[in-house]
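> All I have is the shape, not the residue letters:
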Ligand SMILES: NC(=O)C1=CN([C@@H]2O[C@H](COP(=O)(O)OP(=O)(O)OC[C@H]3O[C@@H](n4cnc5c(N)ncnc54)[C@H](O)[C@@H]3O)[C@@H](O)[C@H]2O)C=CC1
Ligand SMILES: O=C(O)[C@@H]1CCC=N1
C-alpha cells in the first residue's frame, strides 16, 4: 500500500518466505514493490527473485547466517507437517506467520514444539491475492503468547500489501477465509460469467471480455472510494421498471444469489475447519 511520495519508510523487515506459489508469490510481489529488506524464499518451484533476495529450493540450502525477522508459512496446509521440522531453528528466534487455511495456531505451535522449537509463537493471517498490487485484505489472529511487538511486526509486514484487520477469536478465521481469502475467486467468476453471457447475447468475445472485466474492476474501485453501502450503490444503478431491476429479480430471488452465496461461503468455512487436522 503506497504511503505517499516524500515519506520514505524503513524497508519491510527480512522475511523467510516458505512457499512461493499463488499466495506467497502474490505477497512477495507486493512486498518487493514496497521495499523489502534482504530476504530468503524457500520453494523449489520458484527459479529467481531479484537481488539482494535469495531463493533456495530445499531447506538444506537455507543460508546458515540468515536471521529473519519473521517466518511466513505459505505452503498448502497439507504440507505443514513436512515443512515445519526444517524451520524449527528459525522459529526459536522469530515468530511464524501462517497464511494457511484452517491450520490453528495451537496445532502449528505443537508441531514446532515437537520439532525442537517449544516456545515458537505462531500468528495466523488470511490474506488474498490482490496483495500482489497492494490491494489485499488480510485478517489476522494472534494468540495470547504473541507480544505486542510481534503483532506490530505482522501488522507492518501485512499493511504493506493492503488493508488489515484483527480478530480476537481464532474460530472466526474460517469465516474470514470463506469471505475474503477465497473471495477474489467469486469475483473473478462473476467476470467470467458476465463475459460468457455477453457472448451469448451476441457480443464479439473481445468486447464481452473487456466490458465484463472493466465493469467488475470499476465497480470495485467505486466501492473502494466511498463509504456508501453496497446495497445503496446497487440501488443507484436500478431504475424503477428498467433493465437492472429485471436482472436483479432473477439474481435476488430467494433461491438464487442470496441462497447460493450463503451456501458457498458456508461450504468454504466448513472446508477450512476440516483443513485444521
Ligand atoms: N491462493 C490463495 O488465494 C490463498 C491461499 N492461501 C493459503 O496459502 C497457502 C498456499 O496456497 P497457494 O499459494 O494457493 O498454493 P500453491 O500451490 O500455489 O503454492 C504453494 C507453494 O508451496 C511450495 N512448497 C510445497 N512444499 C514446500 C516445502 N516443503 N518447502 C517450501 N515450499 C514448498 C510449492 O512449490 C508451491 O509453490 C495455502 O495454505 C492456502 O490456504 C491463503 C489465502 C489465499
Ligand atoms: O482455496 C483455498 O483453500 C485457499 C484459501 C483461501 C483461498 N485459497
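The structure has been received and is ready for your questions. Because the structure is a prediction, the values reported are computed rather than measured. Ligands and ions are numbered 1, 2, ... in the order given.
> just the helices in the chain please.
Using DSSP state H, the helices of the chain run over 22-34, 80-91, 105-114, 148-159, 172-176, 183-200, 205-224, 230-237, 243-251, 257-275.
> and the fourth one, what's its mean pLDDT?
Same thing as helix 148-159. Throughout helix 148-159, pLDDT has a mean value of 98.
> Check which residues of that helix are buried.
150-151, 153-159 (16 or more other Cβ atoms under 10 Å). (Glycine included, C-beta is placed from N, CA and C.)
> returning to that earlier point: with distance to residue 45 added, can I get the helices of the chain in JSON lines?
Below are those laid out as JSON lines (distance: least, Cβ to Cβ, whole Å):
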{"stretch": "helix 22-34", "distance to residue 45": "10"}
{"stretch": "helix 80-91", "distance to residue 45": "14"}
{"stretch": "helix 105-114", "distance to residue 45": "23"}
{"stretch": "helix 148-159", "distance to residue 45": "23"}
{"stretch": "helix 172-176", "distance to residue 45": "27"}
{"stretch": "helix 183-200", "distance to residue 45": "21"}
{"stretch": "helix 205-224", "distance to residue 45": "28"}
{"stretch": "helix 230-237", "distance to residue 45": "38"}
{"stretch": "helix 243-251", "distance to residue 45": "39"}
{"stretch": "helix 257-275", "distance to residue 45": "21"}
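> What residues does this protein have near ligand 2?
When proximity is defined as Cβ under 6 Å from any ligand atom, the chain approaches ligand 2 at 101, 177, 181-182.
> got TSV for the residues you listed, with distance to residue 189 too?
Shown next, in TSV, are these (distance: Cβ to Cβ, whole Å):
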residue	distance to residue 189
101	18
177	17
181	15
182	11
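> Provide a list of residue ranges in the stretch 151-277 of the chain with pLDDT below threshold.
Along the stretch 151-277 of the chain, no part satisfies pLDDT under 70.
> can you do 90?
Counting by pLDDT under 90, the ranges of the stretch 151-277 of the chain that qualify are 277.
> What residues does the residue in the stretch 101-250 of the chain that ligand 1 sits nearest to make contact with?
Nearest to ligand 1, among the residues of the stretch 101-250 of the chain, is residue 101, at 3.4 Å (Cβ to the nearest ligand atom). Contacts for residue 101 (Cβ atoms under 8 Å, 6 or more residues apart in numbering) come out as 77, 126, 177, 181, 271-272, 275.
> Among those, which one sits closest to ligand 2?
Checking the contacts of residue 101 against ligand 2 by Cβ to the nearest ligand atom gives residue 181 as the nearest, at 3.3 Å.
> Surely that closest one is in contact with residue 130?
No: using Cβ atoms under 8 Å, residue 181 is not in contact with residue 130; the gap is 11.4 Å.
> Walk me through the domains of this protein.
Domain ranges of the chain: 15-170, 183-275, per automatic domain parsing.
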